[in-house]
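Asker: what follows is a predicted structure for the sequence shown.
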Amino acid sequence: GYERAKREVQDLVEKMPMGKSINKSMDRFKEGIKSMLLPDMLFENMGLTYLGPVDGHNIKEMSKVFKVAKEIKGPKLVHVITKKGKGYQNSELKPEKFHGTPPFHPENGKVIEKSKVTYAKIFGETMVEMAHKNKNIVAVVAAMPDGTGLSKFKELYKTRLFDVGIAEQHAMTLAAGLAVGGMKPYIALYSTFLQRAYDQLIHDVCIQNLDVTICVDRAGLVGDDWETHQGILDLSFLTAVPNLTIMAPKSLEELRQMLYFSESFKGPLAIRYPRGGDPEDFKEEPMRKFEPGIFEVLREGETGYLYATGKMVAKALKLRENLKDEGLDFGVVNGCFIKPVDEKLIKKHLSQGKYIVTLEDNVVHGGFGSMIMESGCETGELAHILKLGFKDTFVEQGPVETLYEAYGLGIDEMTEKITAFVGDKNE
């Protein structure tokens, strides 16, 4: 074709005396003619050969263009235009509903609900409740109003929801600007996407010590969204940031209570919560007052305490029963604040010779367990602390409970580790 013939001519000319100069002159002449006849091309000005636009749903046309692109030397850009969900009317009409596709009914496109009440749903409902009473409350999202549970908020308070598109960095800085302007911003991001806005979180929110609440959705394992979306790193990079307070609810109701607490909280605050619904252990809870750095003791224990955070609190209660069968009496502590931690309680338990086992759905390096261990340094009893979480690895795709077992965080696997840990210390 044309591109192959052009390349052969260029190769032939290059072998002649002054060939390279001739080719360059020809290129400049061609570009000059193009600039007179055609509008200015952004990509070609950047040194890219531009091909397109091409209909991304036309296989023959796509094949033809890619063959041409293969013959072109140097960097090239193929401009392909597609329509999200093409061929399926429900998706074409509401493409935002099909950003991620769990099982759904093909006839109407509605998702097959596994759990009607989710953390995202409670977050959205509570935001609507608070916004009704407080006109300064605004929400910031990055192309995920539905996924984060803010559909109703968007419907009721259109001018108070800012969807910046897939631009998490801008979302964080916008939230900072809104806070400076006297608003009370809540920025809702998935844990895996919060990583993109880390620089803005530090410089624009935390250094300024602004009243911004970061709602970290999909924290911990997300299951089938592949290892790129597992939210197992946020605690490690958030705990390092000065001025930032971090909380994690053990239940749906506690998330609601934390959001109400955040309304009057001063300074940057991150609330992390998992995907999906609520464990059966916490259905009715009285309204409680939160105090930064104060944990909630759910069960007392003689052998030691399971310090758990977020979703892992429900696991800790089940784990406690398993440990009883092994002759170990462990209490359970709800680490509702990851930062600051309850230093008085930690020192009290360690000074009494109690074992502390930390449970988190985060990598253990720099996470909740590390915060507990740092706090316990002064007691000199670090040998009595065992950290349980994900090791230095990325977690693959799969059903959540299957992954917990595969990575050593199933009930039986943790029982075995704790029993061995206590046994070794008593020998």
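Answerer: Arrived safely. Residues are numbered from 1 along each chain as shown.

Asker: quick one, what contacts residue 193?
Answerer: 142, 168 (CB atoms under 8 Å, 6 or more residues apart in numbering). No exception for glycine: its C-beta is placed from N, CA and C like everyone else's.

Asker: try it again at 6 Å.
Answerer: Contacts for residue 193 (CB atoms under 6 Å, 6 or more residues apart in numbering) come out as residue 168.

Asker: please apply the same query to residue 204.
Answerer: Counting by CB under 6 Å, 6+ apart, residue 204 has contacts 173, 176.

Asker: that one in helix, strand or coil?
Answerer: Under the three-state scheme (DSSP: H, G, I helix; E, B strand; the rest coil), residue 204 adopts helix.

Asker: residue 339 bridge partners, please.
Answerer: residue 246 (DSSP bridges).

Asker: I figured it was touching residue 247, is that so?
Answerer: No: judged on CB atoms under 6 Å, residue 339 makes no contact with residue 247 at a distance of 8.7 Å.

Asker: tell me which of those two has more neighbours.
Answerer: residue 247 (27 against 18; other CB atoms under 10 Å).

Asker: secondary structure element holding the spatially closest residue to that one that is not a sequence neighbour?
Answerer: In space, not counting the residues next to it along the chain, residue 247 is nearest to residue 271; the distance is 5.0 Å by CB to CB, 6 or more residues apart in numbering. Element membership for residue 271 (DSSP states H and E) is strand 269-272.

Asker: what residue is smack in the middle of this protein?
Answerer: Nearest to the mean C-alpha position of the chain, by CA atoms, centre = their mean, lies residue 191 at 1.4 Å.

Asker: quick one, what contacts that one?
Answerer: Neighbours of residue 191 in contact, by CB under 6 Å, 6+ apart: 216, 218, 219, 231, 234.

Asker: so where is the stretch 201-350 of the chain shaky, pLDDT-wise?
Answerer: Within the stretch 201-350 of the chain, the segments meeting pLDDT under 70 span 279-284.

Asker: and the helices in it?
Answerer: Along the stretch 201-350 of the chain, counting by DSSP state H, counting those that start in this stretch, helices occupy 234-238, 252-264, 312-325, 343-351.

Asker: could you do the stretch 1-150 of the chain as well?
Answerer: 2-14, 19-37, 42-45, 59-71, 89-93, 119-133.

Asker: the fourth one: how far from the chain's middle?
Answerer: Going back to what we said before, that points to helix 59-71. Its chain's C-alpha centre and that of helix 59-71 lie 37 Å apart, by CA atoms, centre = their mean, to the nearest Å.

Asker: buried set for it?
Answerer: Residues of helix 59-71 classed as buried: 65, 68 (neighbour count, 16 or more other CB atoms under 10 Å).

Asker: I'd say residue 212 and residue 268 touch.
Answerer: Yes: Residue 212 lies in contact with residue 268 (CB under 6 Å); the separation is 5.5 Å.

Asker: shared neighbours of these two, anything?
Answerer: Common contact partners of residue 212 and residue 268 (CB under 6 Å, 6+ apart): residue 205.

Asker: what packs against the top strand by length along the chain?
Answerer: Using DSSP state E, we find that the single longest strand of the chain is strand 355-363. If you count contacts as 3 or more CB pairs under 6 Å, 6 or more residues apart in numbering; DSSP states H and E, strand 355-363 packs onto strand 304-308, helix 312-325, helix 368-375, strand 385-390.

Asker: would TSV of these with distance to residue 52 and mean neighbour count be doable?
Answerer: Formatted as TSV, the helices and strands packed on strand 355-363 follow (distance: least, CB to CB, whole Å; neighbours: other CB atoms under 10 Å):
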stretch	distance to residue 52	mean neighbour count
strand 304-308	53	28
helix 312-325	50	20
helix 368-375	49	23
strand 385-390	43	23
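
Asker: as a markdown table, these with distance to residue 123 would be great.
Answerer: A markdown table is the format used below for the helices and strands packed on strand 355-363 (distance: least, CB to CB, whole Å):
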| stretch | distance to residue 123 |
| --- | --- |
| strand 304-308 | 21 |
| helix 312-325 | 18 |
| helix 368-375 | 21 |
| strand 385-390 | 24 |
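
Asker: which of the ones you listed sits closest to residue 227?
Answerer: For residue 227, the closest of these is strand 385-390, at 11.2 Å, according to CB to CB.

Asker: in TSV, list the helices of the stretch 201-350 of the chain along with distance to residue 292.
Answerer: Formatted as TSV, these follow (distance: least, CB to CB, whole Å):
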stretch	distance to residue 292
helix 234-238	15
helix 252-264	10
helix 312-325	18
helix 343-351	11
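
Asker: what sits against residue 218?
Answerer: Counting by CB under 6 Å, 6+ apart, residue 218 makes contact with 190, 191, 231, 275.

Asker: what are the phi and psi angles of it?
Answerer: As for residue 218, its main-chain torsions (degrees, to the nearest 10) stand at phi 60, psi 40.

Asker: mean confidence score for stretch 415-427?
Answerer: The average pLDDT within stretch 415-427 is 84.

Asker: let's verify residue 186: helix, strand, or coil?
Answerer: Once three-state DSSP is applied, residue 186 turns out strand.

Asker: how near is the closest residue to it other than its chain neighbours to residue 158?
Answerer: With CB to CB, 6+ apart as the criterion, residue 186 has its nearest non-adjacent residue at 4.8 Å, and that residue is residue 213. The spacing between residue 213 and residue 158, counted by CB to CB, to the nearest Å, is 21 Å.
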